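[1] starting from these lines, generate the structure:
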Amino acid sequence: MFMTSRSSAAAPARRRTKESLRSKRGTCVSTALMTIAGIASLQVTTAIHAQEIQPQIHWHECGPLPPESPPLECGTLAVPLDYRAPHGETINIEISRLKATRPELRRGILLTNIGGPGGAGLELPLILASGLAPAVLERYDIIGIDPRFVGTSTPLTCGLSEQQATQTTPPLEQPGGFDATAAFMKQVAESCEATSKRFLPFVTTANTARDLDRIRAALGEEKASYLAYSYGTELGAVYASLFPDRTDRIVLDSNVNPNWVWREQFRSWGAAAEIRFGDFAAFAAAQDETHHLGSTPAEVREMFFKLLAKLEEDPQVIGDLVLNGPMFRVQTLAGLYFDGNFPGLAELWQQINEGPSNVTRLPLSRSAAASLEVPVDNPAVSGLAVLCDDVAWSRNVERYRREWEADRRKYPMFGTLGSNIWACAFWPNNPVEPPVTIHSSGPQNILLLQNLRDPVTPLEGGRGMRKALGDRARLITVDQGGHTAYALFPVNACVNDAANAYLAYGTFPSTDQFCPAESSNTAQPSRAVRERAEKLMRERVMR
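    Take a look at the predicted model:
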């Protein structure tokens, strides 16, 4: 017999915004009197059967919805903090549900993840409602999720200010160079330990995958389909490896390489972003009469280093954001996510080039706390904790210095962003279990989508995921740049038609496929939907 109490996870100053979809209920933790077993290297593959736990979702009213939104339900599900103690302490997971538009055709549920880690997903069904084909919406309840410790799901905090949080993921070079950056990252790790020590060991991809299975069971489904982007591809692959027989149809867009988790995944940005930059350089050169950034791609590239040097010498303060060299790199990388960002990025460069008097609030800056009752550092530190707790990072500071210096020389545009020293080098705890091995045993039901010129999850990620999953998967590569290929910004009809056909009708390619480049004049979601999608994507941690 257990006594329980309810208390909120620690959090600093919070912000509110009426535009964001959030639950009106507070996030709380149910605490049972128990003794947690010592942290050991243990990989739980099935945790506990759903019929033994009988999880229940407590449905409630959603927060304010955007105008003319389709009907959406919100709910709360209690899940174990530590799956090694399934009847012990619990945390709350917030989900949303957009029901199938034709119940007579309903196939089941489509779990979703926007990426990150640290990406809140309650709004995602509303965005997908405009990007998915009607045949998909007719057949699935679209399930949005704030993963454990993200957004409204028992939000994690390290007590950082928004300014500090924006410099942690990715780690931005501090004034004073590498040594100052290492000192700051050590401070971040210590702050996380002081604020959220008891939660940190359980902020993992494996536990998030187990949460997905609890959600499936609570919704009364024998199997679950799944659609995810970026970091969500690793989460989906882990789920498919832990629970292969509980998967229905899976679509993974913009793939993490399972062999790069996590240090090498971020180091891959140096080469990938420079390849993608060529698309922006061509755009800017064609617009030289408007933005004056150079008449050839080579001149646009030279302008990058000119502006970088200018901001390193004389940072510009814009609102509460200091635009220095490292932040300029981040803003430029964010602008490479979608072709639709190119005009705004070119305008930003032009404003910087013409002097601080003409610079306005950055159009690409991240809103780290654009949600209701969420700590300002949550989007950053909830993702950081996953990265640090999934795998053991090197504690050798000099190794990070060598890699950072090597990548800066080899990839001078973006190499320093991903290869700097992370707070994971000073993390207070070791992983409680080995990382889940992505394997090829299971049903043939995983469709991988991959752009050729993705700046943050490069082509090699799709190939690495394909190899790890073996014959369970098929890979569709797309001749286009940017991050994500399906539903959010559906430019290429070939890949979107293939993914829609698979989810709606089960049409699974017999071999890997290639989609050639297409005109971007294909029908797009409304401007409001695109703006919400861009905002949601920018708030993710994995850039």
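
[2] drop to CA atoms for contacts and neighbour counts, all remaining ones
    OK.

[3] quick one: pLDDT of residue 40?
    Per-residue pLDDT puts residue 40 at 33.

[4] all strands of the stretch 151-300 of the chain, in order?
    For the stretch 151-300 of the chain, the strands defined by DSSP state E, counting those that start in this stretch occupy 224-229, 247-253.

[5] would you turn these into TSV with mean neighbour count?
    Converted to TSV, the strands of the stretch 151-300 of the chain look like this (neighbours: other CA atoms under 10 Å):
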stretch	mean neighbour count
strand 224-229	24
strand 247-253	25
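
[6] got those strands as a markdown table, with mean pLDDT and distance to residue 160 columns?
    Below are the strands of the stretch 151-300 of the chain laid out as a markdown table (pLDDT from 0 to 100; distance: least, CA to CA, whole Å):
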| stretch | mean pLDDT | distance to residue 160 |
| --- | --- | --- |
| strand 224-229 | 98 | 27 |
| strand 247-253 | 98 | 32 |
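
[7] do you know which of the ones you listed lies nearest residue 381?
    Of all the strands of the stretch 151-300 of the chain, strand 224-229 sits nearest to residue 381, with 19.5 Å by CA to CA.

[8] for the closest one, the distance to its chain's centre please.
    Chain-centre distance of strand 224-229: 14 Å, with CA atoms, centre = their mean, to the nearest Å.

[9] got it, and stretch 190-198?
    Mean-position distance between stretch 190-198 and its chain equals 23 Å (CA atoms, centre = their mean).

[10] any buried residues in that stretch, and which?
    By neighbour count on 16 or more other CA atoms under 10 Å, the buried set for stretch 190-198 is 190-193, 195-196.

[11] for stretch 144-160, same thing?
    So for stretch 144-160, counting by 16+ other CA under 10 Å, buried means 144-160.

[12] could you work out the end-to-end span of it for me?
    Taking CA to CA, to the nearest Å as the measure, stretch 144-160 stretches 27 Å from start to finish.

[13] and stretch 148-158, by the same measure?
    Taking CA to CA, stretch 148-158 runs 15 Å from one end to the other.

[14] so which of the strands of the stretch 151-300 of the chain is nearest residue 213?
    Nearest to residue 213, of all the strands of the stretch 151-300 of the chain, is strand 224-229, at 8.3 Å by CA to CA.

[15] for residue 281, give its distance to residue 324.
    According to CA to CA, residue 281 and residue 324 sit 21 Å apart.

[16] tabulate the buried residues of stretch 190-198 (CSV), appending distance to residue 69 and pLDDT.
    Shown next, in CSV, are these (distance: CA to CA, whole Å; pLDDT from 0 to 100):
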residue, distance to residue 69, pLDDT
190, 42, 98
191, 39, 98
192, 37, 98
193, 40, 98
195, 37, 97
196, 36, 97
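
[17] export those residues to TSV and append columns for distance to residue 204.
    Below are the buried residues of stretch 190-198 laid out as TSV (distance: CA to CA, whole Å):
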residue	distance to residue 204
190	19
191	19
192	15
193	16
195	18
196	14
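
[18] quick one: which of the residues you listed is nearest residue 126?
    When those are ranked by distance to residue 126 (CA to CA), residue 196 comes first, at 31.9 Å.

[19] from what I can see that closest one touches residue 155, true?
    No. The pair residue 196 / residue 155 is not scored as a contact, 10.3 Å apart, by CA atoms under 8 Å.

[20] thinking again about what came up before, tell me the one of the buried residues of stretch 190-198 nearest residue 262?
    Distances from residue 262 to these, taken as CA to CA, are shortest for residue 192 (19.3 Å).

[21] ok, the closest residue to that closest one other than its chain neighbours - contacts?
    In space, and not counting its chain neighbours, residue 192 is closest to residue 158: 4.3 Å by CA to CA, 6 or more residues apart in numbering. Going by CA atoms under 8 Å, 6 or more residues apart in numbering, residue 158 touches 188, 191-196, 377-378, 381.

[22] residue contacts, residue 97?
    Contact analysis of residue 97 by CA under 8 Å, 6+ apart lists 72-74, 125, 141-144.

[23] element containing residue 379?
    Using DSSP states H and E, residue 379 sits within helix 378-390.

[24] got the contact list for that helix?
    With CA under 8 Å, 6+ apart as the contact definition, helix 378-390 has outside contacts at 116-120, 149-151, 155-158, 165-166, 168-169, 200-206, 262, 368-369, 423-424, 427, 429-432, 434-435, 539-541.

[25] from what I can see residue 514 touches residue 476, true?
    Yes. Assessed by CA under 8 Å, residue 514 is found in contact with residue 476 at 5.5 Å.

[26] more crowded one of the two?
    Higher neighbour count among residue 514 and residue 476: residue 476, with 21 against 15, using other CA atoms under 10 Å.

[27] just say helix, strand or coil for the more buried one.
    The three-state label given to residue 476 by DSSP: H, G, I helix; E, B strand; the rest coil is strand.

[28] let me know whether it touches residue 495 as I believe.
    Yes. Assessed by CA under 8 Å, residue 476 is found in contact with residue 495 at 7.1 Å.

[29] common neighbours of these two, please.
    Shared contacts of residue 476 and residue 495, defined by CA under 8 Å, 6+ apart, are found at 449, 515.

[30] re the thing from before, which of the contacts of helix 378-390 fall in helices?
    With helices taken from DSSP state H, the overlap with the contacts of helix 378-390 comprises 165, 205-206.

[31] and residue 75, that's in a helix?
    No. Using three-state DSSP, the assignment for residue 75 is strand, not a helix.

[32] show me what contacts it?
    57-60, 94-96.

[33] the same query, at a cut-off of 10 Å, please.
    23, 25, 56-62, 92-97, 145 (CA atoms under 10 Å, 6 or more residues apart in numbering).

[34] still on that earlier bit, with neighbour count and distance to residue 226 added, can I get the ones in helices among the contacts of helix 378-390 in JSON lines?
    Compiled in JSON lines, the ones in helices among the contacts of helix 378-390 are given as follows (neighbours: other CA atoms under 10 Å; distance: CA to CA, whole Å):
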{"residue": "165", "neighbour count": "21", "distance to residue 226": "30"}
{"residue": "205", "neighbour count": "25", "distance to residue 226": "15"}
{"residue": "206", "neighbour count": "25", "distance to residue 226": "16"}
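
[35] would you reformat those residues as a markdown table and include distance to residue 173 and pLDDT?
    Formatted as a markdown table, the ones in helices among the contacts of helix 378-390 follow (distance: CA to CA, whole Å; pLDDT from 0 to 100):
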| residue | distance to residue 173 | pLDDT |
| --- | --- | --- |
| 165 | 13 | 95 |
| 205 | 27 | 98 |
| 206 | 31 | 98 |
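
[36] from the residues you listed, which is closest to residue 394?
    residue 205 (19.3 Å).

[37] now do the contacts for that closest one.
    Counting by CA under 10 Å, 6+ apart, residue 205 makes contact with 117, 147-148, 211, 231-232, 234-236, 238-239, 386-387, 389-390, 435-436.

[38] try residue 278
    284, 297-298, 300-301, 336, 453, 481.

[39] looking at the residues you listed, which is nearest residue 135?
    Closest approach to residue 135 among the contacts of residue 278 (CA to CA): residue 481, at 27.1 Å.

[40] isn't the closest one right up against residue 489?
    No. If you go by CA atoms under 10 Å, residue 481 and residue 489 don't touch, sitting 11.8 Å apart.

[41] between these two, what contacts are shared?
    The contact sets of residue 481 and residue 489 overlap at 338-339 (CA under 10 Å, 6+ apart).

[42] excluding sequence neighbours, find me the nearest residue to residue 178.
    Closest residue to residue 178 apart from its sequence neighbours, by CA to CA, 6+ apart: residue 401 at 7.0 Å.

[43] ignore what I typed, I meant residue 429.
    Leaving aside its sequence neighbours, residue 429 sits nearest to residue 201 (CA to CA, 6+ apart; 6.7 Å).

[44] wait, the one you found sits on residue 192?
    No. With contact defined as CA under 10 Å, residue 201 does not count as touching residue 192 (11.5 Å).
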